[in-house]
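Undergrad: Fold the following and give me the result.
(one chain, ligands or ions: 1)
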Amino acid sequence: MPAQRASHPVFARYYARVSLAMDKGGMAAHRRQLLAGLAGPVIEVGAGNGLNFAHYPADVTRVLAIEPDPHLREIASRNAAQAPVPVGVCGGVAAGLPADDGTFDGAVTAFVLCSVPDQHAALREIHRVLRPGGVLHFLEHVRASTPVLRRVQRLADVTIWPALAGGCRTSRDTAAAIQAAGFTIGQLEPFRFPDPGLTMPATPHVRGIATRNP
Ligand SMILES: C[S@@+](CC[C@H](N)C(=O)[O-])C[C@H]1O[C@@H](n2cnc3c(N)ncnc32)[C@H](O)[C@@H]1O
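TA: From the prediction side, this is the model:
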């Protein structure tokens, strides 16, 4: 696999704006549902500009938010200061999380497993820093269920999409990768986002909860 950068400065500036519009368009409700039920110490991988922070439930005792891009990390740090639970933001990448084994009760990814260069390496690290029985809450756009859209996704992934979208790949079977990394998926909700309108390569989404196997 070719080396890929974790920081994409142009995309980061674009995402800092478009993510606010997505939240207004309904994604904030998905973020709230994503984080519901979390408790104890939590690690959020690829926290971006920190749009999840406002939605952490009170049972979460602290969040360690990892974000490799300096621009997004700066915005995330400002959002951390307004969060309802303690949030610490630091640099790092998913394939080498700055935490000891079994530290966290929960882990969160939102639109990150599409962007990491190596999904398995990222998920192996999340597995390592979760305690046995800990939970991964994930919100990701994923491989389509129809052959035609899958073909479009594969084409997008080998042409312009990753360059435009910060290294994102649209055709990843993320639920299968989560299970292959030693998790059992207990909840998996497929949905389209945005729901009405034109189907794009990144339209099929899932929100789910997976438990770390012992
Ligand atoms: C589409 S943004 C999503 C940001 C945020 N999670 C959200 O929900 O809005 C993708 C994020 O993944 C981060 N990212 C990319 N490669 C990464 C890596 N190797 N390790 C950790 N985060 C990464 C990017 O910097 C960016 O913040």
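Undergrad: alpha carbons only for contacts and neighbour counts from here, please
TA: Noted.
Undergrad: any residues touching the strand of greatest length in the chain, and which ones?
TA: Criterion DSSP state E: the longest strand present in the chain is strand 130-141. Residues external to strand 130-141 that are found in contact with it (CA atoms under 8 Å, 6 or more residues apart in numbering): 30-31, 34-35, 101-114, 170, 174, 202-214.
Undergrad: Pull out the buried residues from these.
TA: Buried subset of those (neighbour count, 16 or more other CA atoms under 10 Å): 31, 34-35, 103-114, 170, 174, 202-212.
Undergrad: For this protein, which residues are neighbours of the ligand?
TA: Neighbours of the ligand within the chain, by CA under 6 Å from any ligand atom: 6-7, 45-48, 51, 67-69, 93-94, 110-112, 115-117.
Undergrad: Looking at these, which are in helices?
TA: Members of these lying in helices (criterion: DSSP state H): none.
Undergrad: Among these, which lie within strands?
TA: 45, 110.
Undergrad: and the end-to-end length of stretch 35-55?
TA: The first and final residues of stretch 35-55 sit 7 Å from each other (CA to CA, to the nearest Å).
Undergrad: looking at the protein, which residue lies furthest from center?
TA: Here the chain reaches farthest from its C-alpha mean at Val148, the gap being 25.5 Å by CA atoms, centre = their mean.
Undergrad: how about it, secondary structure?
TA: Three-state call for Val148 (DSSP: H, G, I helix; E, B strand; the rest coil): helix.
Undergrad: May I see the buried residues of stretch 81-99?
TA: Going by neighbour count (16+ other CA under 10 Å), the buried part of stretch 81-99 is 83, 85-87, 89-90, 92-95, 97.
Undergrad: Kindly report the same for stretch 185-204.
TA: Buried-residue list, stretch 185-204, by 16+ other CA under 10 Å: 185, 193-194, 201-204.
Undergrad: related to what we said a few turns ago, pLDDT for the buried residues of stretch 81-99 - can I get that in CSV?
TA: What follows is the buried residues of stretch 81-99, written out as CSV (pLDDT from 0 to 100):
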residue, pLDDT
Ala83, 98
Val85, 98
Pro86, 98
Val87, 98
Val89, 98
Cys90, 98
Gly92, 97
Val93, 97
Ala94, 98
Ala95, 97
Leu97, 98
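Undergrad: and the helix ranked longest in the chain, what other elements does it pack with?
TA: Counting by DSSP H, the longest helix found in the chain is helix 9-22. On a contact count with 3 or more CA pairs under 8 Å, 6 or more residues apart in numbering; DSSP states H and E, helix 9-22 meets helix 70-81.
Undergrad: after the helix it packs on, next one along is what?
TA: strand 87-90 (DSSP states H and E).
Undergrad: That next one pairs with which strands?
TA: strand 60-66 (parallel) (DSSP bridges).
Undergrad: List the buried residues of the partner strand.
TA: For strand 60-66, the neighbour count (16+ other CA under 10 Å) marks 60, 62-66 as buried.
Undergrad: Can you tell me which of those residues is closest to the ligand?
TA: Taking CA to the nearest ligand atom as the measure, the ligand lies nearest Ile66 of those, at 6.6 Å.
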